[in-house]
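Trainee: okay, predicted coordinates and the sequence, questions at the end:
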Amino acid sequence: MMEMIKVNNLRKEFITYEKQPGLKGMIKSFFNAKKIIKTAVNDVSFHINEGEIVGYIGPNGAGKSTTIKMLTGILTPTSGEIFVNGLIPYKSRTINAKNIGVVFGQRSQLWWDLPLNESFTVLKEIYQVNDADFKERMDFFNQIFGLQEFIKQPVRQLSLGQRMKADIAASLLHNPKIIFFDEPTIGLDVIAKEKIRQTIKEINKKFKTTIILTTHDLSDIEELCNRIILIDKGKLIYDGDVDNIKERYGSKKQVKFTLKTEEDFFKVDVINEFSHVDPKINIKFEDNTLSVIFNKQLLGIKDITAYILNKLDVVDINIEEVSLESIIKEIYKDGLI
Ligand SMILES: Nc1ncnc2c1ncn2[C@@H]1O[C@H](COP(=O)(O)OP(=O)(O)OP(=O)(O)O)[C@@H](O)[C@H]1O
Ligand SMILES: [Mg+2]
């Protein structure tokens, strides 16, 4: 199996200077501004094989975009090693650019004032895509994204969803070996999201494209990725498959009770009843449904249902494994232990 990305002890520190308010402060800062070192990526290591789809996730400010920027050659690491398809990205930006596609959901890579079709013509020249390939790929994008509907408009006039589709199409035009998607489904409606996920899957299958995806939408991850890399405060805290994280940390279960009347909810105090056994037991109440989320190693479904059924009129009961989303939420909140 070919290794497409190798990252060893990768580190990025940002140096900023603290400014003080006012003229006096300005003068003071000028002579001895306080230097602040922010470690955005803290000695992270991972290897990614050809054809993998990896979710690179973590809370806001974790260092995801900074990592992607180093992998694409936009930023130079403070220390550590990176190889992308055998190249060191910040040293070989131009050649690296031919191997990779990049989408930053927050910011377009396209020319703001050019009509979209002209952006594609420019990209065709930059990447030296031949006429036949260009036609075939544009047809494909038209089919999935309906680009022709807005292809004559300048990029700045496009709606968010149209702009994202255009950006994704642009990143795929030269059929790159590796694609970095930094929040590719941000702000999109469910149908657009689904189209983009389908496209990512299709490209991956057809061309064995390696895909690194950052997103806050964990259903993207559940649908697309077999592996996740989780970082927090610049440090790698998990690297492995999605099922495994569920097994290791998904010790939680959820029982939902649909109540006959809403007022019934106030007749029970689940947390008070069970927190001496499971201190992290949690409840939600929504649409007449009381959900109890508990640690299945500490508490049995039997105990909870017995308590509730004894006190309330219950119309329906549902037992669910907790979703990746809530597992990750717990990890962000409490750490891994
Ligand atoms: N150019 C910069 N100068 C100084 N600090 C920076 C710079 N770029 C990023 N940072 C800091 O580095 C940390 C990591 O930022 P980064 O953008 O990589 O986070 P992220 O994981 O992509 O977060 P989000 O989910 O919000 O997009 C943050 O604390 C951020 O403030
Ligand atoms: Mg980011």
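Mentor: Nice, I can see it. Residues are numbered from 1 along each chain as shown. Ligands and ions are numbered 1, 2, ... in the order given.

Trainee: which single residue of the stretch 51-200 of the chain ends up nearest ligand 2?
Mentor: Relative to ligand 2, the nearest point of the stretch 51-200 of the chain is residue 65 (3.2 Å; CB to the ion). Any C-beta I mention is one placed from the backbone N, CA and C, and that applies to glycine too.

Trainee: need the contact list for the closest residue in space to that residue that isn't next to it in sequence.
Mentor: In space, and not counting its chain neighbours, residue 65 is closest to residue 182: 5.6 Å by CB to CB, 6 or more residues apart in numbering. Residue 182 makes contacts with 64, 65, 68, 102, 103, 104, 105, 106, 214, as judged by CB atoms under 8 Å, 6 or more residues apart in numbering.

Trainee: please narrow those residues to those residing in helices.
Mentor: Judged by DSSP state H, these include 64, 65, 68 as members of helices.

Trainee: what's the PyMOL line that selects buried ones from those residues?
Mentor: To isolate the buried members of the ones in helices among the contacts of residue 182 in PyMOL, using 16 or more other CB atoms under 10 Å:
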select buried, resi 64+65+68
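
Trainee: what about ligand 1: which of the ones in helices among the contacts of residue 182 touch it?
Mentor: For ligand 1, the contacts drawn from those by CB under 6 Å from any ligand atom are 64, 65.

Trainee: need the contact list for the residue nearest to residue 238 when sequence neighbours are not counted.
Mentor: Nearest residue to residue 238, sequence neighbours excluded (CB to CB, 6+ apart): residue 230, at 4.0 Å. Contact partners of residue 230, counting by CB under 8 Å, 6+ apart, are 57, 58, 236, 237, 238, 239, 245, 328, 331.

Trainee: what bridges to the residue nearest to residue 65?
Mentor: Applying DSSP bridges to residue 182 gives these bridge partners: residue 104, residue 214.

Trainee: pLDDT score assigned to it?
Mentor: Per-residue pLDDT puts residue 182 at 92.

Trainee: again, but for residue 29
Mentor: So, for residue 29, pLDDT stands at 68.

Trainee: same question for residue 33.
Mentor: pLDDT at residue 33 comes out at 73.

Trainee: which non-adjacent residue is nearest it?
Mentor: Counting by CB to CB, 6+ apart, residue 17 is the residue found nearest to residue 33 once chain neighbours are left out, at 3.9 Å.

Trainee: so that neighbour makes contact with residue 35?
Mentor: Yes: Residue 17 is within contact range of residue 35, at 5.9 Å (criterion: CB atoms under 8 Å).

Trainee: wait, what's in contact with the residue of the stretch 51-200 of the chain closest to ligand 2?
Mentor: 104, 182, 214.

Trainee: turn those residues into a markdown table, including distance to residue 277.
Mentor: Shown next, in a markdown table, are the contacts of residue 65 (distance: CB to CB, whole Å):
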| residue | distance to residue 277 |
| --- | --- |
| 104 | 47 |
| 182 | 42 |
| 214 | 38 |
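
Trainee: ligand 2 next: which of those residues are close?
Mentor: Contacts with ligand 2 within the contacts of residue 65, counted by CB under 5 Å from the ion: none were found.

Trainee: I'd like the average pLDDT over stretch 94-110.
Mentor: Here the average pLDDT along stretch 94-110 is 91.

Trainee: distance between that stretch and the chain's centre?
Mentor: 17 Å (CA atoms, centre = their mean, to the nearest Å).

Trainee: any bit of that stretch sitting next to ligand 1?
Mentor: No: contact of stretch 94-110 with ligand 1 (CB under 6 Å from any ligand atom) is absent, the minimum separation being 7.5 Å.

Trainee: flag every buried residue along that stretch.
Mentor: In stretch 94-110, counting by 16+ other CB under 10 Å, buried: 96, 97, 98, 99, 100, 101, 102, 103, 104, 105, 108, 110.
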